[in-house]
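Visitor: Here is a sequence with its predicted model. Questions after.
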Amino acid sequence: MELYFTTCQTPLGEAVLLAGEAGLMGLWLPGQKPDAGLMARAQRRDSAPLLVQGKDWLQRYFCGQRPTPAEIALDPQGSEFRQRVWRRLCRIPYGELTTYGQIAREITRQTGKRMSAQAVGGAVGHNPVSLIIPCHRVVGENHSLVGYNGGVQIKRRLLRYEGVDVDRLTDPKPKRETPAV
């Protein structure tokens with residue numbers, strides 16, 4: 001399979017896009033690390049149609065035009081469980097939030113297998129097509145901005161772009177430092 005990548009400037013900084021023959025396989029924002037294995041196999045091809053579509057999607061998003069994941073071919077690589085979670089993320093409407101627990105309960109109802117919010121968080125955290133698969137719209141049960149691969153400040157900025165009242169959301173609890181003995 002041939003893989004292609006490009007970069008593009010966003011209001012957040014430089015993003016990296018990766019595509020294969022079937023769809024966009026990766027989108028990494030500043031602060032997120034591209035998949036080194038896939039990137040090592042990819043050739044830079046700024047004019048590849050899927051990458052051009054990805055850049056157009058980003059431009060429309062940052063201009064407030066509300067593009068949806070369904071508007072672009074996606075081909076994220078992951079287990080069936082991760083794929084299920086990523087498909088669920090694609091159904092979160094622009095400007096709305098859900099929680100890891102809500103997704104876990106929904107998957108439990110669908111499959112009959114008990115699912116934890118932590119397992120969902122793991123799948124969300126491995127989302128390779130950041131922003132288009134809107135993992136930034138998932139928060140903790142207590143409206144905490146936990147679990148964003150690009151960092152809390154980027155998550156907060158993305159939600160602001162979408163008109164979410166981020167002032168009602170809390171930052172994750174700071175980790176306690178162990179006192180020196």
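Guide: Everything's here; your move.
Visitor: Make sure Val152 is actually in contact with Thr170.
Guide: No. With contacts defined as C-beta atoms under 8 Å, Val152 does not count as touching Thr170, sitting 9.9 Å away. Any C-beta I mention is one placed from the backbone N, CA and C, and that applies to glycine too.
Visitor: This protein: helices as residue ranges?
Guide: 36-41, 49-62, 80-89, 100-111, 117-125, 152-161 (DSSP state H).
Visitor: Leu38: what's it in contact with?
Guide: Contacts for Leu38 were tallied using C-beta atoms under 8 Å, 6 or more residues apart in numbering; they are 3, 18, 25-26, 77.
Visitor: Quickly note the distance from it to Val124.
Guide: When C-beta to C-beta, to the nearest Å is the yardstick, Leu38 and Val124 sit 19 Å from each other.
Visitor: List the buried residues for the lowest-mean-pLDDT helix or strand in the chain?
Guide: Of the helices and strands making up the chain, the lowest-confidence element is helix 152-161, at a mean of 92, by mean pLDDT, DSSP states H and E. Neighbour-count burial for helix 152-161, with 16 or more other C-beta atoms under 10 Å as criterion, is recorded at 152, 154-159, 161.
Visitor: cool, and stretch 70-89?
Guide: 72, 74-76, 81-82, 84-86, 88-89.
Visitor: which residues does the residue most central in space within the chain form a beta bridge with?
Guide: The structure's the chain has its C-alpha centroid closest to Ser130; by C-alpha atoms, centre = their mean the separation is 2.9 Å. Under DSSP bridges, the beta-bridge partners of Ser130 are Ile133.
Visitor: Same list, the buried residues of helix 152-161, but as JSON lines with distance to Arg60 please.
Guide: JSON lines is the format used below for these (distance: C-beta to C-beta, whole Å):
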{"residue": "Val152", "distance to Arg60": "25"}
{"residue": "Ile154", "distance to Arg60": "19"}
{"residue": "Lys155", "distance to Arg60": "20"}
{"residue": "Arg156", "distance to Arg60": "21"}
{"residue": "Arg157", "distance to Arg60": "17"}
{"residue": "Leu158", "distance to Arg60": "14"}
{"residue": "Leu159", "distance to Arg60": "18"}
{"residue": "Tyr161", "distance to Arg60": "12"}
